Each structure stands twice: as C-alpha cells, then as structure tokens.
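Asks: Below: sequence and its predicted model.
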Amino acid sequence: MHTDEELFFNEVKRVIEKDIRPFIEADGGRIILKKVSNGVVYVNLSGACAGCPGAVMTLRDGVERILKMKIKQVKAVKLVY
C-alpha cells in the first residue's frame, strides 16, 4: 500500500519527467527530484544550471509554476544541493 506522500512523490516525478526535464536538458541542465515533504518539492539543479544566475528564475518561474499548475498539493519548490 502506498502512502499519500509516496503517491505525491510519484506524481511530482511524472510531471518533472514529462513536462519539465526536456526544457532543462535542452539548455544543458539537469534536474533531480530529491524529496517531497508537506507539499514542498525539493530538487537539485546541475549541469549548465549549477551556478547559473538564471537558475533561481528557472526554479520559480518554470519548475514551481508548472508543478503548481498541474498538482494542486504543491506549495513550493526548493533547491537543494
């Protein structure tokens, strides 16, 4: 039996794989879903995204916006290293 948190993690992972990863990889970056907890999604950005001044904007205006639009339980997206 899957917990709600596991189902939430899998749903977030599916959206990242299908709707977000292709755009980030097109610019030479990588995104890795680390964990979800209480509606907060924790991701790692690497490759061309690591140290890029636009990474925060990508996170907020891209990743977070898409996840919130597709999954109502998403409250925020945070960057982890």
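Replies: In hand now; what should we look at?

Asks: where in this protein is pLDDT low?
Replies: Across the chain, the ranges flagged by pLDDT under 70 are 1-2.

Asks: Just the helices from it, written as ranges.
Replies: 4-15, 21-26, 55-57, 65-70 (DSSP state H).

Asks: Could you name the helices and strands sitting against the first one?
Replies: In terms of contacts (3 or more Cβ pairs under 8 Å, 6 or more residues apart in numbering; DSSP states H and E), helix 4-15 is packed against strand 29-37, helix 65-70. Yep, even glycine has a C-beta here, placed from its N, CA and C like the rest.

Asks: any idea of the angle it forms with strand 29-37?
Replies: If you take axes from the mean of the first three to the mean of the last three Cα atoms, to 10 degrees, helix 4-15 sits at 160 degrees to strand 29-37.

Asks: Okay, buried residues for helix 4-15 please.
Replies: Buried residues in helix 4-15, counting neighbours by 16 or more other Cβ atoms under 10 Å, are found at 8-9, 11-12, 15.

Asks: Over to the last one?
Replies: Of all the residues in helix 65-70, those buried under the rule 16+ other Cβ under 10 Å are 66-67.

Asks: Same question for the third one.
Replies: Buried residues in helix 55-57, counted by 16+ other Cβ under 10 Å: A55.

Asks: and what of stretch 21-28?
Replies: Of the residues in stretch 21-28, 21, 24 count as buried by neighbour count, 16+ other Cβ under 10 Å.

Asks: Contacts for it, please.
Replies: 30-31, 45, 47-49, 58, 62 (Cβ atoms under 8 Å, 6 or more residues apart in numbering).
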